[in-house]
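S.K.: no sequence on this one, just coordinates:
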């Protein structure tokens, strides 16, 4: 995992877990959208960055759609597993400029910032609160 992701994880380790499932879902979709917008922006300047952004946006969208939280469509991934998956995704996002060989180009900063942002969201989310998630689902269905 990149150094910045580790720093975000350490910084949020002892902080209160304030992000609820519904807010987490909204942040997931916002992150995915930002990747799709970045892909369109990068397309003419840097195809590798654009394709990387499309891949990250797709991975984040599929992850969100398949999670059993408010905002998920197919309850295939547990909320707890989603958290573990996002830790891996944040590292992959931040590492993508090195993998796709554009780490010395300006677009690389976007991926690094997104990786840190996702690691921070994961660090501030309580993935173990099933009681809270159930009450939110009941609120939503009422």
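M.R.: Yep, it's here. Source: prediction; values computed, not measured.
S.K.: just give me the neighbour total for residue 73.
M.R.: 9 (other CB atoms under 10 Å). No exception for glycine: its C-beta is placed from N, CA and C like everyone else's.
S.K.: quick check: pLDDT value at it.
M.R.: Listed pLDDT for residue 73 reads 92.
S.K.: ok, now how distant is it from residue 56?
M.R.: Per CB to CB, to the nearest Å, residue 73 is found 20 Å from residue 56.
S.K.: for the residue nearest the centre of the chain, which non-adjacent residue is closest in space?
M.R.: Compute the mean C-alpha point of the chain, and by CA atoms, centre = their mean the closest residue is residue 118, 4.4 Å away. Spatially, and ignoring its direct neighbours in sequence, residue 118 is nearest to residue 90 (3.9 Å; CB to CB, 6 or more residues apart in numbering).
S.K.: swap in residue 63?
M.R.: Of all residues not flanking residue 63 in the chain, residue 85 sits nearest, at 5.8 Å (CB to CB, 6+ apart).
S.K.: cool, residue 75 as well?
M.R.: Among residues not flanking residue 75 along the chain, residue 68 sits closest, at 3.8 Å (CB to CB, 6+ apart).
S.K.: count of neighbours near that neighbour?
M.R.: Neighbour count of residue 68, defined by other CB under 10 Å: 17.
S.K.: burial check on the residue nearest to residue 126 when sequence neighbours are not counted, number of neighbours?
M.R.: Distances taken as CB to CB, 6+ apart put residue 17 closest to residue 126, at 3.4 Å, once the chain neighbours are dropped. Here the number of neighbours of residue 17 (other CB under 10 Å) works out to 13.
S.K.: sticking with residue 17, tell me its helix or strand.
M.R.: Using DSSP states H and E, residue 17 sits in no helix or strand.
S.K.: same question for residue 96.
M.R.: Going by DSSP H and E, residue 96 is in helix 79-99.
S.K.: let me know the secondary structure of residue 110.
M.R.: The three-state label for residue 110, taken from DSSP: H, G, I helix; E, B strand; the rest coil, comes out as helix.
S.K.: sounds good, over and out.
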